[in-house]
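Trainee: how would this look folded up:
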Amino acid sequence: MSDDTVGPEGNPGGPEESSFIEYGIDEKPPLLESVFLGFQHYLTMIGATVAIPLALAGAMGMFEAAPGEIGRLIGTFFVVSGIATLAQTTIGNRYPIVQGGTFSMLAPALAIIGVVAASNPAQPLWRASLLELQGAVIVAGLVEVLIGYFGVMGKLKRYMGPIVIAPVIALIGLALFNVPQITNPNFGADGTGQNWWLLGITLVSIILFSQYLDKYHRLFRLFPVLIGIVVAWGFAAVMSVTGFYAPGTVSYVDFSSVAAASVVQPIYPFQWGMPQFTPAFIIGMIAGMLASSIESFGDYHSVARMAGRGAPSSRRIDHGIGMEGLGNTFAGVMGTGNGSTSYTENVGAIGITGVASRYVVQIGALVMIVVGFIGPIGQLFATIPAPIVGGLYIVMFGQITAVGLSNLKFIDLDSNRNVFIVGFALFAGLAIPAYMGQVGSASAFQEGLAGVAVLGGILGTTVVANTIFVIGSTGMAVGGLIAFFLDNTIEGSREERGLVEWEQMTEDDSDFVPFWQRLGGKDEDVPPSRAD
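Mentor: Numbering: from 1, shown residues only. Predicted coordinates for the structure are as follows:
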């Protein structure tokens with residue numbers, strides 16, 4: 001393992017590699033070890049990778065109308081995730097960051113499904129919905145491509161310092177505290193609520209191996225998540241086979257679904273049919289894409305910080321967002337019904353395992369592509385009980401929140417201005433999405449806006465209401481926009497805002513070499529100023 005302590009991509013003056021990092025971004029562990037590390041890395045994302053297609057399937061009525069297609073929908077998510085990750089880590093921003101389905105685009109997707117259902121489509125609801133979702137995701141992806149490769153996000157970076165980045169990243173973790181895998185009601189007699197015993201076994205195992213036993217054996221240090229999940233999953237399987245956990249309960253491991261899955265499932269472009277392009281649906285999905293872009297902006301900074309690198313340059317951010325746009329478009333073409341964005345869980349995985357290797361993430365991506373086409377393996381992942389995923393989330397999201405807040409060390413915390421902005425952004429980023437959750441749906445929100453005096457005719461339109469609802473439902477978008485506005489309008493010195501130190505630790509644009517220049521012989525790890 002390299003002990004080089006120069007800055008990002010060899011840039012002197014940048015931060016040193018984090019002391020707990022076992023493998024840095026450019027390091028390659030042995031192949032067999034990389035396979036297991038890559039599998040573990042993706043295993044931390046499996047909750048969202050399975051949860052999003054299951055949520056879509058439930059809303060579209062696939063469990064009743066087309067249960068046999070659900071496995072293929074999940075497999076499609078795996079394949080898209082793997083290919084998008086390879087593209088991002090190879091051609092895009094080259095950070096060790098997994099790409100996959102996004103909860104930011106799930107909200108508009110569910111709203112679209114509701115509208116399609118109310119229209120009484122001529123074909124089955126699930127197929128009609130997927131065709132509309134395909135078209136909306138494709139166009140939203142193309143818009144993100146323009147945002148990325150025309151440098152929009154990169155130009156905004158100069159106005160986004162630690163005061164903006166800290167709430168955005170922290171809210172990524174905080175906003176997910178109430179996911180159903182964690183906040184189900186107490187475990188009841190019928191076994192349908194939360195199983196705190198199983199969640200606790202997962203949580204304690206990961207903490208034990210990553211924080212207490214990591215000093216005693218390298219395996220505990222490298223594979224705490226994998227070992228913890230296997231321990232809890234094995235326990236749940238034994239309890240299911242012995243009849244202690246009954247079929248249909250939240251903790252039951254149903255291996256019959258694995259045996260019934262097709263050995264090879266076909267996954268190909270436009271597999272559900274040709275996409276439909278409805279303007280109102282497209283606008284709603286673009287709003288979700290904008291929210292996911294803000295989340296990705298925060299993810300790039302948190303991954304760089306976790307790996308001990310300098311803050312990403314404008315050039316790297318633009319290439320990352322542009323590649324995510326291509327990933328979104330590809331997801332639409334393949335028919336996931338959802339987009340593709342940076343997985344926030346990735347940050348927690350690096351923090352717990354100390355593995356920030358791009359090579360490991362790429363190996364994991366190849367595994368996911370294979371898994372997507374092999375039905376039984378993908379279905380095996382789907383048998384992981386929700387309480388185990390909940391225990392994993394508690395560790396992951398807590399780590400993400402802490403990474404976000406750690407950026408505050410660059411600002412003057414004795415400044416009333418700074419404390420006010422951070423506190424207000426964090427509170428609003430939790431409160432406004434909670435309010436939107438109480439409203440219930442985009443259509444209900446639209447009805448409320450239509451009754452607003454004077455502006456009701458504008459605010460109550462589908463496009464405006466859906467856009468406000470989606471952004472308002474996304475904590476990191478709310479907190480980020482508020483922090484961005486206040487930090488750039490309330491008077492404060494650059495030193496006070498942390499911008500001077502922030503700029504010193506940000507890599508130069510020349511430190512990131514695009515894919516086509518690397519093909520010409522340039523080495524990304526040696527900036528032009530040091531190439532000789």
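Trainee: Other residues contacting stretch 175-182?
Mentor: With contact meaning CB atoms under 8 Å, 6 or more residues apart in numbering, stretch 175-182 is reached by 47, 51, 183, 194, 199, 344, 386-387, 389-390, 393-394, 397, 429-430, 433, 474-476. C-beta: built from backbone N, CA, C; applies to glycine.
Trainee: Point out where this protein drops to low pLDDT.
Mentor: Scanning the chain with the threshold set as pLDDT under 70 gives 1-20, 47-48, 107, 185-192, 454, 519-532.
Trainee: contacting residues for the residue nearest to Ile432 when sequence neighbours are not counted?
Mentor: Counting by CB to CB, 6 or more residues apart in numbering, Val478 is the residue found nearest to Ile432 once chain neighbours are left out, at 4.9 Å. For Val478, the contacting residues are 171, 428-429, 432-433, 471-472, by CB under 8 Å, 6+ apart.
Trainee: Over to Thr49?
Mentor: Neighbour list for Thr49: 42, 74, 77-78, 81, 100-101, 381 [criterion: CB under 8 Å, 6+ apart].
Trainee: and if you look at Gly480?
Mentor: Under the criterion of CB under 8 Å, 6+ apart, the neighbours of Gly480 are 164, 167-168, 171, 294, 297-298, 425, 429.
Trainee: Tell me if it really is in a helix.
Mentor: Yes: in this structure, Gly480 lies within a helix as judged by DSSP: H, G, I helix; E, B strand; the rest coil.
Trainee: could you check the distance from it over to Trp272?
Mentor: Using CB to CB, to the nearest Å, Gly480 is found at 34 Å from Trp272.
Trainee: Report the separation between the residue nearest in space to the middle of the chain and Phe77.
Mentor: To find the centre residue of the chain, average its C-alpha atoms and take the closest one (CA atoms, centre = their mean): that gives Tyr343, at 2.5 Å. Counting by CB to CB, the separation of Tyr343 from Phe77 is 12 Å.
Trainee: Just the strands from the stretch 51-200 of the chain, written as ranges.
Mentor: Using DSSP state E, counting those that start in this stretch, the strands found in the stretch 51-200 of the chain span residues 99-100.
Trainee: can you map out the helices along it?
Mentor: Per DSSP state H, counting those that start in this stretch, the stretch 51-200 of the chain has helices spanning 62-65, 70-90, 106-118, 125-149, 152-157, 162-174, 180-183, 196-207. These are given in chain order.
Trainee: list the helices and strands the longest one packs on?
Mentor: Packing partners of helix 125-149 (3 or more CB pairs under 8 Å, 6 or more residues apart in numbering; DSSP states H and E): helix 46-60, helix 62-65, helix 106-118, helix 279-306, helix 314-334.
Trainee: Need the CA coordinates for the third one. PDB is fine.
Mentor: Provided in PDB are the C-alpha atoms of helix 106-118 (Å, rounded to 0.1, in the frame of the first residue of the first chain):
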ATOM      1  CA  LEU A 106     -38.600   7.400  -7.000                       C
ATOM      2  CA  ALA A 107     -40.900  10.200  -5.800                       C
ATOM      3  CA  PRO A 108     -41.800  11.500  -9.300                       C
ATOM      4  CA  ALA A 109     -42.000   7.900 -10.500                       C
ATOM      5  CA  LEU A 110     -44.700   7.000  -8.000                       C
ATOM      6  CA  ALA A 111     -46.500  10.200  -8.900                       C
ATOM      7  CA  ILE A 112     -46.400   9.300 -12.600                       C
ATOM      8  CA  ILE A 113     -47.700   5.800 -11.800                       C
ATOM      9  CA  GLY A 114     -50.600   7.300  -9.900                       C
ATOM     10  CA  VAL A 115     -51.600   9.500 -12.800                       C
ATOM     11  CA  VAL A 116     -51.300   6.600 -15.300                       C
ATOM     12  CA  ALA A 117     -53.500   4.400 -13.000                       C
ATOM     13  CA  ALA A 118     -56.200   7.100 -12.900                       C
END
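Trainee: Pull out the buried positions in that helix.
Mentor: Residues of helix 106-118 classed as buried under the neighbour-count rule (16 or more other CB atoms under 10 Å) are 106-113, 115-116.
Trainee: Same question for the longest one.
Mentor: For helix 279-306, the neighbour count (16+ other CB under 10 Å) marks 281-306 as buried.
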